[in-house]
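Visitor: pasting the sequence and the predicted coordinates here, then a few questions.
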Amino acid sequence: METPQRPPTPILDRVGSYRKLRELSPSDLEALCGELRGVIQDVTCRNGGHLASSLGAVELIVSLLRVFDPGRDRILFDVGHQAYAYKLLTDRRERFSTLRRKGGISGFPRRHESPFDAFDVGHSSTSISAALGFAKARDLKRERHEVVAVIGDGALLNGLAFEGLNNVRSAGSKVLIVLNDNEMSINTRIGGMAEHLAKLSVHPTYRRFKQFIKEQCRTLRRGDTVEEVLGRWKTKLKSLLLPPNIFEEMDITYWGPFDGHRLDELEEIFGLARDYPESLLIHVITRKGKGCPEAEAQPATFHGVGAGTVLGAPSQKKAPDWSRVAARVAERLAEEDPRVVCCTAAMKEGTKLQEFSRRFPHRFFDVGISEGHLLTFAAGMAAGGLRPLVCIYSTFLQRAMDQWVHDICLPGLPVLLCVDRAGLVGEDGETHQGLLDLPWGRVIPGLTFMAPRDQADLEFMMRGWLAREIPGAIRYPRGTVPPSLYRNEGSPLSGWGTPETLHQGEETCLVGVGSTTKLMMDALALSRERGETLPTVVDARFLKPLDETFYRDLLRTHRQLVVAEEAYVSGGFGESLAAFAHREGSPCLVRTLGVGDHFVAHASRAEQWQEEGLTPEHILSFLHVWATASA
Ligand SMILES: Cc1ncc(C[n+]2csc(CCOP(=O)(O)OP(=O)(O)O)c2C)c(N)n1
Ligand SMILES: CC(=O)[C@@H](O)[C@H](O)COP(=O)(O)O
Ligand SMILES: [Mg+2]
């Protein structure tokens, strides 16, 4: 196949970075935006990444960089998946082709990557709180610079963003909140606030308001006090009989809506905002995927693209992945049991629930980016007699720990968490790794926590949960799932709550946890190839509660257990076995392989497994350490 040509970038070559943006004519600026889009599209399709959101924010970023100085002012992107143009214009152009690759630049803003990245992001809705923090630090240190939070309409609907908004007036430190409204989260945004934004977007009175903003800013420069200007502001608002506006009601001055693709309009408004003495929310309307016909037509599909995407090419048929299989089982359960409902927090595409939502529109709930609400909502439904399945990424479940403990497990409610992307996630990197659900979930009383190795066990576990009145969680990783792994045709699955012995060996027992079961079997194959004493291999299946009878026997019959898990070792399943061995007074050594005490940067999932020592060779080296120690 021919390698696509790199798009030409004469103006970007000439300006190099944000520093010379102010020298460009309006027509050159327009052309620059086209060039930035070309590079973003080219690299994102090659490496994978967040295409549609980044394409939609190009003019917004160019205008911000013409008005604000990113070396002095602080520009904070919410989620950070829309900031590719910012990376290109803040001294990362040369490295941009390494986006999301091992050792390359991150797909999200990172403080250690660039002094222009004010705040680390990846999870949504942090920008307003962080901006208020920066502004407070500035004021206490008597510094002078602007703090700008750029937040999407999807991220704004989250509780954390509301907590930030609620604090704007009382914090008393100026922040500028730029609301980048493209009427989309990953999918169509939903909810009451979404409706409200839609009303504000089309209200012509607010558009006419721009002239008034300009006049007010001019009088302010002539020396009127802030109080005088704000007084006139409120009087004018009343006289305009504007529709209700939640931001104004919260005492945050609202400007907008503005066309987020008109450079002149954006630059003028940002200039006025910079000189304005108070906090502001500036509402700009953009189009997700702008400039790329495929992404404009299907913004949800092109929110994130995989490496090697060819725009316009028919989509390849892929092997079934864990999300798709869990969603299909959920459909079968919903067909059989009217109490079964399914919910997600803005991740319908990622968790492959499109078909469920189409088939059971009244039993499917997407609550938007609100993980805390999602779990308590599910708890309420369970208490009310339904059987909710919550499909949630491990990394975003971090947002809802208290709800998991306090609202689901404490009252013992029958909610099943389908914990997707549990483990190393690859190119999204540190912020998105699913490494904490296991150590955190393992210590919650009352929870039944499971990790299947194949489709057959996933379905068995989902069905088993439904047959019982218990809080449950099933963790599975990113990627494809085999229909059946290490099973003899026709033989029944292992029972509820019990581990499964896949090979009876001696001295050492390798214990796999879901995704690492195959790794343990690969280690067995390698040790057979090497002619070594063969270990036992066990698939743990149930992480909690522990099948004490089974593990007591395992400890009695082996000298060493080696556990591998796709999670932090600290606090993980291996540690629960080690603690059990200790309680039992067993001399059997328990060692764990998994992720060490560090954040795991972006790279492919395979590279991350390698880096963390999740390889058959490394596992066998553990066996040798023991053999040497006991010789
Ligand atoms: C806490 C959290 N939940 C879910 C996500 C996944 N996610 C990333 S971007 C996104 C949509 C954000 O919508 P918006 O803020 O409007 O940005 P847009 O992509 O439309 O530019 C979602 C749900 C996340 N990053 N963080
Ligand atoms: C920015 C963000 O949080 C999501 O878009 C995330 O990157 C999706 O990850 P998957 O590609 O695993 O669905
Ligand atoms: Mg949006």
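Guide: Received, thanks. Ligands and ions are numbered 1, 2, ... in the order given.
Visitor: element containing Glu163?
Guide: Using DSSP states H and E, Glu163 sits in helix 159-171.
Visitor: neighbouring contacts of stretch 152-168?
Guide: 53, 78-79, 82, 124-129, 131-132, 151, 175, 177, 179-186, 189, 191, 193-194, 197, 247, 250-252, 279, 346, 368-370, 372-373 (C-beta atoms under 8 Å, 6 or more residues apart in numbering). For glycine as for every other residue, the C-beta is placed from the backbone atoms N, C-alpha and C.
Visitor: next, check those against the strands and list the overlap.
Guide: Members of these lying in strands (criterion: DSSP state E): Ile151, Ile177, Leu179, Asn180, Asp181.
Visitor: what sits against the first one?
Guide: Residues in contact with Ile151 (C-beta under 8 Å, 6+ apart) are Asp78, Ser125, Ser127, Ile128, Ala161, Ile177, Val178, Leu179, Asn180.
Visitor: grab the nearest non-local neighbour of the second one.
Guide: With sequence-adjacent residues excluded and distances taken as C-beta to C-beta, 6 or more residues apart in numbering, Ser125 is closest to Asn158, at 3.7 Å.
Visitor: and for the last one?
Guide: Setting aside the residues directly before and after it, Asn180 is nearest to Gly152 in space (C-beta to C-beta, 6+ apart), at 5.1 Å.
Visitor: that neighbour: neighbour count?
Guide: Per other C-beta atoms under 10 Å, the neighbour tally for Gly152 reads 30.
Visitor: repeat that for Leu374.
Guide: For Leu374, using other C-beta under 10 Å, the count is 29.
Visitor: for Pro7, see how far away it is.
Guide: Distance of Leu374 to Pro7, computed by C-beta to C-beta, to the nearest Å: 40 Å.
Visitor: output the below-cut-off pLDDT ranges for this structure.
Guide: Residue ranges of the chain with pLDDT under 70: 1-4, 204-210, 220-223, 226, 229-230, 233-234, 236-241, 624-631.
Visitor: so which residues on it come close to ligand 3?
Guide: Contact residues, the chain versus ligand 3 (C-beta under 5 Å from the ion): Gly152, Asp153, Gly154, Asn182, Met184.
Visitor: how about a cut-off of 8 Å?
Guide: Residues of the chain lying near ligand 3 by C-beta under 8 Å from the ion: 53, 56, 152-155, 180-185, 189, 288.
Visitor: tell me which of these is nearest to ligand 2?
Guide: Relative to ligand 2, the closest of those is Ser53; by C-beta to the nearest ligand atom it sits at 7.9 Å.
Visitor: who's in contact with the spatially closest residue to the closest one that is not a sequence neighbour?
Guide: Take Ser53 and drop its neighbours on the chain: the residue closest to it by C-beta to C-beta, 6+ apart is Gln82, 4.1 Å away. Residues near Gln82 by C-beta under 8 Å, 6+ apart: His50, Ser53, Ser54, Gly56, Ala57, Val150, Gly152, Asn180.
Visitor: right, and the fourth one touches Arg287 too?
Guide: Yes - if you go by C-beta atoms under 8 Å, Gly56 and Arg287 touch, sitting 5.7 Å apart.
Visitor: need the residues touching each of these two.
Guide: Asn182.
Visitor: looking at these two, which has the bigger crowd around it?
Guide: More crowded of Gly56 and Arg287, by other C-beta under 10 Å: Gly56, with 27 against 17.
Visitor: list the helices and strands the host helix or strand of Ala564 packs on?
Guide: Using DSSP H and E, Ala564 maps to strand 560-568. Applying 3 or more C-beta pairs under 8 Å, 6 or more residues apart in numbering; DSSP states H and E, we find strand 560-568 packed against helix 437-442, strand 508-512, helix 516-529, helix 573-584, strand 589-595, helix 616-630.
Visitor: now the residue in the chain positioned nearest to ligand 2: how far from Arg19?
Guide: Closest to ligand 2 within the chain is Gly350: 3.6 Å, counting by C-beta to the nearest ligand atom. Distance, Gly350 to Arg19, by C-beta to C-beta: 38 Å.
Visitor: any residues of the protein in contact with ligand 1? List them.
Guide: 53, 79, 81-82, 123-124, 152-155, 182, 184-186, 288, 346, 369, 371, 396, 399 (C-beta under 6 Å from any ligand atom).
Visitor: in helices, which of these fall?
Guide: Residues from the residues of the chain next to ligand 1 lying in helices, with DSSP state H as the criterion: Ser53, Asp153, Gly154, Ala155, Glu371, Phe396.
Visitor: need the buried ones from those residues selected in ChimeraX.
Guide: The ChimeraX selection below is limited to those of those classed as buried (16 or more other C-beta atoms under 10 Å):
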select :53,153,154,155,371,396
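Visitor: from the ones in helices among the residues of the chain next to ligand 1, which is closest to Asp42?
Guide: Nearest to Asp42 among those, counting by C-beta to C-beta, is Ser53 at 16.6 Å.
Visitor: returning to what we had before: so Gly350 and Arg19 - more neighbours on which side?
Guide: Gly350 (20 against 15).
Visitor: might one say that that one is in contact with Trp322?
Guide: No - with contact defined as C-beta under 8 Å, Gly350 does not reach Trp322; the gap is 11.2 Å.
Visitor: need the overlap of contacts for these two.
Guide: Asp420.
Visitor: that'll do, ta.
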